[in-house]
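Trainee: requesting a structural model of the entry that follows:
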Amino acid sequence: MSALTITARDATTGPVLEIAGDLDYDHAPRLRQAVTALSLEPGQRLVLDLSRIRFCDSSGITALIVARNHAVAAQAEIALAAVPDNTIRILRIVGLDRVFTIHADVDTATAHRPATKRP
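Mentor: From the prediction side, this is the model:
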């Protein structure tokens, strides 16, 4: 198992979290903490770059759902980018590929500014 690293950066669409390593029981709490510490504005898009995820278990999936719930509560969007094949397979099996917007890469996920949501 490899340690989880999370690197945050800003894009025109909103924050991007680059996640690398194992998103598992031991490390998923770090992602949950990083996401819930983000201050999201309505209409922004949180992008989770999963291109360097090596392994994802049910705790990792739960952390992704926590990230989605945090974005929805802030009236923001969430997108997953560069999801590895083994993780996309899990998302499809549990139906989360219909819940998350999934992009081939971060450039695509951050290419268009989300529309501002009005109350």
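Trainee: in the chain, what residue spans correspond to strands?
Mentor: All strands of the chain, identified by DSSP state E, fall at 5-11, 14-23, 45-56, 77-81, 101-103.
Trainee: which residues are in contact with the fourth one?
Mentor: By CB atoms under 8 Å, 6 or more residues apart in numbering, the residues outside strand 77-81 that reach it are 14, 43-51, 64, 67-68, 71-72, 91, 100-106, 108-109, 114. In short, each C-beta sits where N, CA and C put it, glycine included.
Trainee: go through the strands of the chain and pick out the most buried.
Mentor: strand 77-81 (a mean of 23; mean count of other CB atoms under 10 Å).
Trainee: and it, which strands flank it?
Mentor: strand 45-56 (parallel), strand 101-103 (parallel) (DSSP bridges).
Trainee: okay, now the unreliable bits of this protein?
Mentor: Within the chain, the stretches with pLDDT under 70 are 1, 113-119.
Trainee: give me the spatial nearest neighbour of residue 2, chain neighbours excluded.
Mentor: Once flanking residues are discounted, residue 2 sits nearest to residue 21: 4.4 Å by CB to CB, 6 or more residues apart in numbering.
Trainee: report the beta-bridge partners for that neighbour.
Mentor: residue 53.
Trainee: residue contacts, it?
Mentor: Taking CB under 8 Å, 6+ apart as the test, what residue 21 contacts is 2-5, 27, 52-54.
Trainee: a markdown table for these, including distance to residue 34?
Mentor: Listed next are those as a markdown table, based on distance: CB to CB, whole Å:
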| residue | distance to residue 34 |
| --- | --- |
| 2 | 17 |
| 3 | 14 |
| 4 | 10 |
| 5 | 10 |
| 27 | 11 |
| 52 | 15 |
| 53 | 14 |
| 54 | 18 |
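Trainee: quick check, nearest of these to residue 83?
Mentor: residue 53 (7.9 Å; CB to CB).
Trainee: pull the contacting residues for the closest one.
Mentor: 19-23, 60, 83-84, 87.
Trainee: redo the residues you listed as CSV? Include distance to residue 31.
Mentor: Below are those laid out as CSV (distance: CB to CB, whole Å):
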residue, distance to residue 31
19, 6
20, 11
21, 10
22, 11
23, 6
60, 8
83, 14
84, 15
87, 13
